[in-house]
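>>> Using only what follows, build the 3D model:
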Amino acid sequence: MSLDKMSLDELCITTVRTLAMDGVQKANSGHPGTPMALAPVAYTLFNKFMHFNPKNPHWANRDRFVLSAGHASMLLYSILHISGYDLPLEELKNFRQWDSKTPGHPEYHLTPGVETTTGPLGQGVANSVGMGIAQRWLASHFNRPGHEIVDYKIYAIAGDGCMMEGVSGEAASLAGHLGLSNIVWIYDNNHITIEGNTALAFTEDVGARFMAYHWNVLRVSDANDTEMLAKALDLANKEKERPTMIIVDSHIAWGAPNKQDTHGAHGEPLGDEEIKLTKRRYGWPEDEKFLVPERLDEYRNMCISRGQEQENAWNVKFAAYKEAHPELAKEWETMQAGKLPEGWESTLPEFPADPKGLASRESSSKVLEAVAKSVPWFLGGAADLAPSTKTRIPNAGEFQKESYGGRNLHFGVREHAMGSILNGMALTKLRPYGAGFLIFSDYSRPTMRLAALMELPVTFIYTHDSIGVGEDGPTHQPIEQLSSIRAIPYIVVLRPADANEVTESWRYIMEHNNRPVALILSRQALPTYDRTKFGSAKGTHKGAYILADCDGAPQVILISTGSEVQWCVGAYEKLTAEGIKARVVSMPSWELFEDQDDAYRESVLPSSCRARVAVEAGASIGWRRYVGFEGAVIARREFGASAPLKELLKHFGFTVDDVVREAKALISHQAPTTGTRLLPNIPGLNID
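Okay, the predicted model is just below:
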């Protein structure tokens, strides 16, 4: 068949297929098989069902498309290109190259039309559940009779790998429970993974599993049957009670004479000769590369024109909404701009000095409640631990199938999916939080990493932050988790030492919308410091600050975070009483401290003082940066034990006397330091 005899639909589908083959071949890297198989699916979805404006990829009421099978990125890049997005053909030619908009897996912020960063399998579909939750909450909160400004769907394409990953099952289970009928997953059932046929490890009935999750399950037996695809998508859009899974049977590398239905087409180029043979089968000029026929301008112009009309119609609707409901419209515009309501911080509590104090999970609960009163789109929940993490918003209702306006989410015991769902919610402009125990942060680590990669304002709240958990024993006592989270680039870890540092932590969280935060909180009570005597808690925003000081240069500096700061304060008082000049530095955030300039860091940790003691009830990794080779680190290099809190602290060396002993030992052995600049203030150094 010649190009002239192809219908426009056939021409578009074949263009997507050949662009994917050519892009992977030129890069000599990538996954051509799935784009070749699913080109009819993606085209049918974009052409007949999705509402989007290529000239404004961020239009608020657009339908969302998530390529959870992110290795098939050339499928997405090709369909975006022919649909009129700002993704020139030159970018497709630069697939997987430096500084291109077409990386190996889709990346949010980088490529217009990419809704979320995908690649780690299962994450994308789990994100889509967060998007579905966000859409339902937005519709419940903002829509009014005759003024429905939130009305869109979420579509996702997943592969066999996504179905195998546990996170997709966790997310699907919750989506079914919540009846999120605004979600449609398309499962590419091609029976091929990197190692070979899925029969090697995956023989379950996926459809039956999703029916058990309370999903509407449909099936299309041939990915090339665009008529049946359209019928299935139409049925999915008519479903009002359940999310929909469309199982589409496909042939990986469809049309490739020697590689169709083989794992060799999954993760490597087809090869020039195989591409020529495949193009010949397609009726495509076999020597042409990156061919986009001029007739595709008809489809591209249609997408642009249709999308602009759809957005214009919505703008008219929003103008009427704004006139009828000006306060809600102002909320909407503030939220979409990534801003906060005026005066939001006026409700933040300030805590009086109290030697007994509060557990930081308790003080955080009070601050969280205050934030929720001022910021309507602040919402979240816990992985079945809200009573323990103290993260319930009072009088805000439950987010359930019958009450999508509730602001308290119940994720169940699904930490991994919770994180992915939070990311999907943040991608929809909400300010979400999720809570669990610090020891279980390991279940959420992949989603924290992706939140950091996408620069999303997600708050991961982790309580029960140390061996202070006591009787629960080593299975519940975090040791390496703090270091592990700190190792994630761009995430901010905040471990406040008292109630007022908690308030300032939340102030930072809400005022910054381009970095995720891990807020680390205690189960046990922490003293609330007298801020007329000690340094202002606003120093929290700089990551570390002088909490207690001496006259003149200190002989020893005691550095700590969270619940261990109190032992440093107690040691400071003992040392001061003995005439030893000591300084206490509260360091709730390494990351924020590293963001400060050299002058500020030097003012807090002067290089003239080598005697430094760091105290943290976790792994010691990283602390040498701040204490140097000559300092001391009181930390844990082994697991904890099951015993009452005070007994554990004494046994493991977390007492005032232990800090005093280490401080005195350092002072007595300290060498002259005149003119010496310490290693800890050299940016980027990590010597532990």
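>>> For the rest of this, base every contact and every neighbour count on C-alpha atoms.
Fine.
>>> and the longest helix along the chain, which residues are buried?
Longest helix of the chain, by residue count under DSSP state H: helix 296-324. Within helix 296-324, the residues that qualify as buried by neighbour count (16 or more other CA atoms under 10 Å) are 296, 299-300, 303-304, 306-308, 310-311, 314, 318, 321-322.
>>> what angle do the following helix or strand past it and helix 296-324 make?
Where DSSP states H and E defines the elements, the next helix or strand beyond helix 296-324 is helix 326-336. Interaxial angle, helix 326-336 versus helix 296-324 (axes from the mean of the first three to the mean of the last three CA atoms, to 10 degrees): 140 degrees.
>>> Pull the residues that contact helix 326-336.
A60, F142, Y321, K322, L340, P341, W377, K429, L430 (CA atoms under 8 Å, 6 or more residues apart in numbering).
>>> mind checking how far the third one is from L328?
Right, Y321. 9 Å (CA to CA, to the nearest Å).
>>> if we can go back for a sec, now the contacts of helix 326-336 as a markdown table including distance to P644?
Output for these, formatted as a markdown table (distance: CA to CA, whole Å):
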| residue | distance to P644 |
| --- | --- |
| A60 | 52 |
| F142 | 49 |
| Y321 | 59 |
| K322 | 58 |
| L340 | 43 |
| P341 | 45 |
| W377 | 40 |
| K429 | 43 |
| L430 | 40 |
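>>> so which of those residues is the most crowded?
L430 (27 neighbours; other CA atoms under 10 Å).
>>> Please tell me I have it right and T44 contacts A232.
No. Under the criterion of CA atoms under 8 Å, T44 is not in contact with A232, lying 11.0 Å apart.
>>> Now do the helices in the stretch 501-650 of the chain.
565-577, 590-594, 598-604, 624-627, 645-652 (DSSP state H, counting those that start in this stretch).
>>> Of all those, which one is nearest P478?
Closest of the helices of the stretch 501-650 of the chain to P478 is helix 645-652, at 13.7 Å (criterion: CA to CA).
>>> Count residues in the vicinity of the closest residue to G618 other than its chain neighbours, would you?
Distances taken as CA to CA, 6 or more residues apart in numbering put I479 closest to G618, at 4.3 Å, once the chain neighbours are dropped. Number of residues near I479 (other CA under 10 Å) recorded here: 25.
>>> Spit out the contact partners of the residue nearest in space to the middle of the chain.
For the chain, A451 is the residue whose C-alpha lies nearest the centre (CA atoms, centre = their mean; 2.4 Å). Counting by CA under 8 Å, 6+ apart, A451 makes contact with N423, P457, V458, R515, P516.
>>> Please work out which residues outside the helix or strand of the chain with the lowest mean pLDDT touch it.
Sorting the helices and strands of the chain by mean pLDDT, DSSP states H and E puts helix 645-652 at the bottom, at a mean of 85. Outside of helix 645-652, the residues within contact range by CA under 8 Å, 6+ apart are I467, G468, V469, G470, E471, R636, A641, T655.
>>> go with 10 Å
467-471, 524, 617, 634-636, 638, 640-643, 654-658 (CA atoms under 10 Å, 6 or more residues apart in numbering).
>>> The stretch 301-450 of the chain: helices as residue ranges?
Using DSSP H, counting those that start in this stretch, helices in the stretch 301-450 of the chain cover 326-336, 360-374, 386-389, 415-426, 445-454.
>>> Measure how buried the spatially closest residue to R637 that is not a sequence neighbour is and give me the count.
Residue nearest to R637 in three dimensions, not counting chain neighbours: A619, with 5.7 Å by CA to CA, 6+ apart. Other residues within reach of A619 by the criterion other CA under 10 Å amount to 21.
>>> isn't A619 right up against Q477?
No. Assessed by CA atoms under 10 Å, A619 is found out of contact with Q477, at 11.7 Å.
>>> Find residues that contact each of those two.
Joint contacts of A619 and Q477 (CA under 10 Å, 6+ apart) are F639.
>>> what about S29, how many neighbours?
Other residues close to S29 by other CA under 10 Å number 16.
>>> Double-check that it belongs to a strand.
No. According to DSSP: H, G, I helix; E, B strand; the rest coil, S29 belongs to no strand; its state is coil.
>>> quick one: contacts for it?
G23, F95, R96, G104, G267, E268, P269, L270.
>>> Which residue comes closest to the fourth one once chain neighbours are left out?
Spelled out, that is G104. Closest to G104 by CA to CA, 6+ apart is R96, at 5.0 Å.
>>> tally of neighbours for G146?
For G146, using other CA under 10 Å, the count is 9.
>>> likewise the one 10 residues further on?
One way to gauge burial is a neighbour count; for A156, by other CA under 10 Å, it gives 22.
>>> Let me know the pLDDT of it.
In this model, A156 is scored at 98, pLDDT.
>>> likewise Q670?
61.
>>> do the same with E90
Model confidence at E90 (pLDDT) stands at 98.
>>> ditto for the one 3 residues further on
Per-residue confidence (pLDDT) for K93: 98.
>>> so it touches V24, yeah?
Yes. Counting by CA under 10 Å, K93 touches V24, with 9.0 Å between them.
>>> Between the two, which is the more surrounded one?
Neighbour count, other CA under 10 Å: between K93 and V24, V24 has more, with 26 against 21.
>>> Identify the spatial nearest neighbour of the more buried one, chain neighbours not counted.
G30 (5.1 Å).
>>> can you check N258 too?
E274 (7.2 Å).
>>> how much space between the one you found and P40?
From E274 over to P40 (counting by CA to CA), the distance is 21 Å.
>>> Same question for I580.
76 Å.
>>> These two: who's more crowded?
Counted by other CA under 10 Å, I580 and P40 do not tie: P40 has more neighbours, with 22 against 18.
>>> So that one sits against M228, correct?
No. In this structure, P40 is not within contact of M228 by CA under 10 Å, at 11.1 Å.
>>> will you turn the buried residues of helix 296-324 into a markdown table that also has distance to S250 and pLDDT?
Compiled in a markdown table, these are given as follows (distance: CA to CA, whole Å; pLDDT from 0 to 100):
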| residue | distance to S250 | pLDDT |
| --- | --- | --- |
| L296 | 25 | 97 |
| Y299 | 25 | 98 |
| R300 | 26 | 98 |
| C303 | 26 | 98 |
| I304 | 30 | 98 |
| R306 | 30 | 98 |
| G307 | 30 | 98 |
| Q308 | 33 | 98 |
| Q310 | 32 | 98 |
| E311 | 34 | 98 |
| W314 | 36 | 98 |
| F318 | 41 | 98 |
| Y321 | 44 | 98 |
| K322 | 46 | 98 |
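>>> and which of these is nearest to S403?
Taking the buried residues of helix 296-324 together and measuring to S403 by CA to CA, the closest member is Y321, at 22.6 Å.
>>> dump the residue contacts of G338.
K429, L430, R431, P457, E511, H512, N513, N514.
>>> quick one: buried residues of stretch 386-397?
A386, S388, T389, K390, T391, R392, I393, A396.
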